[in-house]
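Visitor: Quick one, fold the following:
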Amino acid sequence: MEYDLIVENLEVSVDCKKILKGISLKIKKGETVVLMGPNGSGKSTLAYTIMGHPKYKIDSGKIIYKEKDISKIKPNERAKLGIFLSFQYPSEISGVTLSNFLRTAYTAVKAIRLSFTDFRKLLKEQMKLLKLDDTFADRSLNEGFSGGEKKKAEILQLALLEPSLALLDETDSGLDIDALKIVSDGVNTVKASHKQMSVLLITHYQRILNYIHPNKVYVMLHGKIVMEGGNELVKELEAKGYDWIREKVEHKVRLKLI
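Guide: Numbers count the residues shown, from 1 in each chain. Presented below is the predicted three-dimensional model:
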């Protein structure tokens with residue numbers, strides 16, 4: 001069985017504080033896997049660690065990407081290998097246009113240098129997908145963008161870079177109903193045109209899963225994966241909330257102590 005990503009017993013600290021406490025998960029090639037959990041459970045920490053952010057220190061465990069241990073590889077090298085991270089809070093960069101930023105990223109990651117005209121044509125095609133006006137291409141990156149526009153710009157980057165593993169960190173946060181559908185449709189369209197692309201979608205809401213349907217669902221709590229399942233688990237969480245998970249975990253702990 002071919003896996004794009006295997007995380008083995010991963011323990012991670014930030015500023016000497018343990019955040020991830022033995023995380024293990026697997027994503028098959030072409031799968032969409034959802035990681036759910038309440039705020040502060042460690043979901044974003046896992047995404048940043050997979051991407052190689054230097055702030056997140058791996059204390060033990062491994063990150064295996066396409067049968068290669070990438071635990072010590074720099075973030076830019078991971079990007080060249082085909083890993084992409086969509087940020088929950090995209091940064092603003094004054095004076096750098098969206099077009100120039102994306103062209104630089106495209107050249108660095110794909111090692112293909114398109115002419116200005118050819119890249120502009122490609123960019124406009126992908127912008128139509130996300131219903132972004134052409135004028136956004138010449139605006140400073142995310143400066144003055146609404147929350148929805150920032151997330152659309154992140155998915156635009158996903159569409160251009162065509163990674164083999166996409167880490168989407170709370171892509172649904174801050175989106176109204178219309179923007180959520182556009183962003184979700186964008187993810188689905190990119191995924192449909194690149195069937196081998198694997199996706200790890202991080203969220204604590206069920207609503208984006210009305211549009212993006214996962215193959216597997218993991219639930220995190222206090223830095224650990226405490227449950228896994230399919231779409232039925234999402235529906236159960238929507239009906240019962242995370243307190244239901246907390247109660248189940250606490251019940252198991254009590255039984256072990258007896």
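Visitor: rest of the way, CA atoms for contacts and neighbours
Guide: Fine.
Visitor: Please, where are all the helices along the stretch 51-200 of the chain?
Guide: Counting by DSSP state H, counting those that start in this stretch, the stretch 51-200 of the chain has helices at residues 75-81, 98-110, 116-129, 147-161, 177-193.
Visitor: Out of the ones you listed, which is closest to residue 216?
Guide: helix 177-193 (15.9 Å; Cα to Cα).
Visitor: now that closest one: how far from the chain's centre is it?
Guide: For helix 177-193, the separation from the chain centroid amounts to 14 Å (computed by Cα atoms, centre = their mean, to the nearest Å).
Visitor: and residue 143, what does it touch?
Guide: 92, 93, 94 (Cα atoms under 8 Å, 6 or more residues apart in numbering).
Visitor: show me what contacts the last one?
Guide: For residue 94, the residues meeting the contact criterion (Cα under 8 Å, 6+ apart) are 140, 141, 143.
Visitor: swap in the second one?
Guide: Residues near residue 93 by Cα under 8 Å, 6+ apart: 140, 141, 142, 143.
Visitor: so what's residue 63 up against?
Guide: Contacts of residue 63 by Cα under 8 Å, 6+ apart are 5, 6, 7, 8, 10, 50, 69, 70, 71.
Visitor: what comes up buried for whichever strand or helix holds the fifth one?
Guide: Using DSSP states H and E, the element containing residue 10 is strand 3-14. If you call a residue buried by 16 or more other Cα atoms under 10 Å, then strand 3-14 has these buried ones: 3, 4, 5, 6, 7, 8, 9, 10, 11, 12, 13.
Visitor: Check which strands are paired with that strand and give the direction for each one.
Guide: Each strand that pairs with strand 3-14, with its direction, by DSSP bridges: strand 17-28 (antiparallel), strand 57-65 (antiparallel).
Visitor: For this structure, which residue occupies the most central location?
Guide: The chain has residue 168 as the residue nearest its centroid, 1.8 Å off, counting by Cα atoms, centre = their mean.
Visitor: How about residues contacting stretch 101-118?
Guide: By Cα under 8 Å, 6+ apart, stretch 101-118 touches 79, 80, 82, 119, 141, 157, 160, 161.
Visitor: and what of stretch 122-136?
Guide: Contacts of stretch 122-136 (Cα under 8 Å, 6+ apart): 98, 99, 149, 152, 155, 156, 159, 160, 182, 183, 186.
Visitor: about what we covered before: would a markdown table of the buried residues of strand 3-14 with pLDDT and distance to residue 203 be doable?
Guide: Putting the buried residues of strand 3-14 into a markdown table (pLDDT from 0 to 100; distance: Cα to Cα, whole Å) gives the following:
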| residue | pLDDT | distance to residue 203 |
| --- | --- | --- |
| 3 | 91 | 22 |
| 4 | 94 | 21 |
| 5 | 97 | 19 |
| 6 | 97 | 20 |
| 7 | 97 | 19 |
| 8 | 96 | 21 |
| 9 | 97 | 22 |
| 10 | 97 | 20 |
| 11 | 97 | 21 |
| 12 | 97 | 20 |
| 13 | 97 | 21 |
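Visitor: Where does the prediction get shaky in the stretch 151-258 of the chain?
Guide: 251-258 (pLDDT under 70).
Visitor: May I see the buried residues of stretch 119-126?
Guide: 119, 120, 123, 126.
Visitor: Return the member of the residues you listed nearest to residue 86.
Guide: The closest of the buried residues of stretch 119-126, once distances to residue 86 are taken by Cα to Cα, is residue 126, at 16.4 Å.
Visitor: thinking again about what came up before, just flag the most distant two among the contacts of stretch 101-118.
Guide: Top of the distance list for these (Cα to Cα): 82 and 141, 22.6 Å.
Visitor: out of these two, which sits in the more crowded spot?
Guide: residue 141 (24 against 18; other Cα atoms under 10 Å).
Visitor: contacting residues around the closest residue to that one other than its chain neighbours?
Guide: Spatial nearest neighbour of residue 141, chain neighbours left out: residue 98 (4.7 Å); criterion: Cα to Cα, 6 or more residues apart in numbering. Residues in contact with residue 98, defined by Cα under 8 Å, 6+ apart, are 136, 137, 138, 139, 140, 141, 142.
Visitor: All set now, cheers.
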